[in-house]
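Q: Provide a 3D model corresponding to the input given below.
(one chain, ligands or ions: 2)
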Amino acid sequence: MSVPALSVRNAEKRFGAIHALRDVSMDAWRGEVTALLGDNGAGKSTLVKCISGVHRLDEGEILLDGRPAHLNSPAAARGAGIETVYQDLALFDNLTPAQNFYCGREIGFPAWLPRPLRFLDKRAMNREAAAVIDRLQVRLPKFDAPVAMMSGGQRQAIAVARATVFARNVVMLDEPTAALGLRESRKVLDLIVKLKAEGNAVILITHNMEHVVELADRAVVLRQGTKVGELKPSAQNRQDLVAMIVGAEA
Ligand SMILES: Nc1ncnc2c1ncn2[C@@H]1O[C@H](COP(=O)(O)OP(=O)(O)OP(=O)(O)O)[C@@H](O)[C@H]1O
Ligand SMILES: [Mg+2]
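A: Ligands and ions are numbered 1, 2, ... in the order given. All right, here's what the predicted structure looks like:
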């Protein structure tokens, strides 16, 4: 374990007058959960979106396994094995869960035809997507209904399930339990443990300190776009972590 799966080096990102990321560097290691913490507006989602190819860094670089990565689009990031559950979920409202699962990587047949010419194997896609969502034990009203008809929690479960299916390398979860009930939250936490055990580098954004103490091997704290600290979370230093987040340390 000598090289981090993901490294961010001296990241800078501005949105007009807003300096969303200032010289941020962080690492995420395989088989570990790295919590990315900070108050509202600290820059967490911006950092996630720069890694997942939604935004481009103004300066700085991203390394995968120590090599510079050019993540110029969400497809490029996915191709590099980076799966993301976005805070705003990024599901297509007019598509069903299965269509959302396989959007951009549809299962087609016959295998000998080039991908764009294959017939869509809707049954296989429905079956696989349903199996994964079933494992999460989230009940959907109708599996073949558009996602627009589903609750926030149901949508969140679909997004997390999708990431766990395709995760190969780095998985980023931006407040994955924010809309979930207790039982569904527990399922998502179980999935995070599984993703970690499978050797993924997991980056978890959450405002829930109990989840951080329970799951995170390390925590990186952002405040107003700047990294203000990094520590190994435990029940003992939970208050230090909170102080770091709100900027109230002595
Ligand atoms: N697309 C955008 N255009 C302009 N400003 C943006 C954009 N995205 C984020 N910002 C700004 O960048 C700053 C960081 O936002 P970001 O969403 O990264 O915060 P966050 O840490 O994820 O907060 P939260 O906990 O509320 O989700 C904020 O001031 C926000 O208003
Ligand atoms: Mg956010």
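
Q: And stretch 46-65, end to end?
A: One end of stretch 46-65 sits 22 Å from the other (CA to CA, to the nearest Å).

Q: Can you give me the buried ones in it?
A: By 16 or more other CB atoms under 10 Å, the buried positions in stretch 46-65 come out as 46-55, 57, 60, 62-64. Placement of C-beta: from N, CA and C, glycine included.

Q: for stretch 217-236, same thing?
A: R218, A219, V220, V221, L222, R223, G225, K227, V228, G229, E230, P233.

Q: how close does the third one get to K227?
A: Spelled out, it's V220. 6 Å (CB to CB, to the nearest Å).

Q: Now for these two: what residues contact both?
A: Common neighbours of V220 and K227, using CB atoms under 8 Å, 6 or more residues apart in numbering, are M26.

Q: re earlier: which of the buried residues of stretch 217-236 lies at the shortest distance from ligand 2?
A: Distance to ligand 2, by CB to the ion, is smallest for L222 among the buried residues of stretch 217-236, at 10.4 Å.

Q: For that closest one, which non-adjacent residue is closest in space?
A: G38 (3.8 Å; CB to CB, 6 or more residues apart in numbering).

Q: Test for you: state the pLDDT assigned to that neighbour.
A: pLDDT recorded at G38 is 95.

Q: Could you tell me the model confidence score at A250?
A: pLDDT, read off for A250, is 48.

Q: The helix or strand hosting A159: which residues count as buried?
A: Using DSSP states H and E, A159 falls within helix 152-166. Within helix 152-166, the residues that qualify as buried are 153-165, counting by 16+ other CB under 10 Å.

Q: need those in a markdown table with pLDDT and distance to R183, can you?
A: Shown next, in a markdown table, are the buried residues of helix 152-166 (pLDDT from 0 to 100; distance: CB to CB, whole Å):
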| residue | pLDDT | distance to R183 |
| --- | --- | --- |
| G153 | 74 | 10 |
| Q154 | 77 | 13 |
| R155 | 78 | 16 |
| Q156 | 79 | 13 |
| A157 | 78 | 11 |
| I158 | 79 | 16 |
| A159 | 82 | 17 |
| V160 | 82 | 14 |
| A161 | 81 | 15 |
| R162 | 81 | 20 |
| A163 | 83 | 19 |
| T164 | 82 | 17 |
| V165 | 80 | 21 |
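
Q: Can you name the residue of the protein nearest ligand 2?
A: Counting by CB to the ion, the chain gets nearest ligand 2 through S45, at 3.1 Å.
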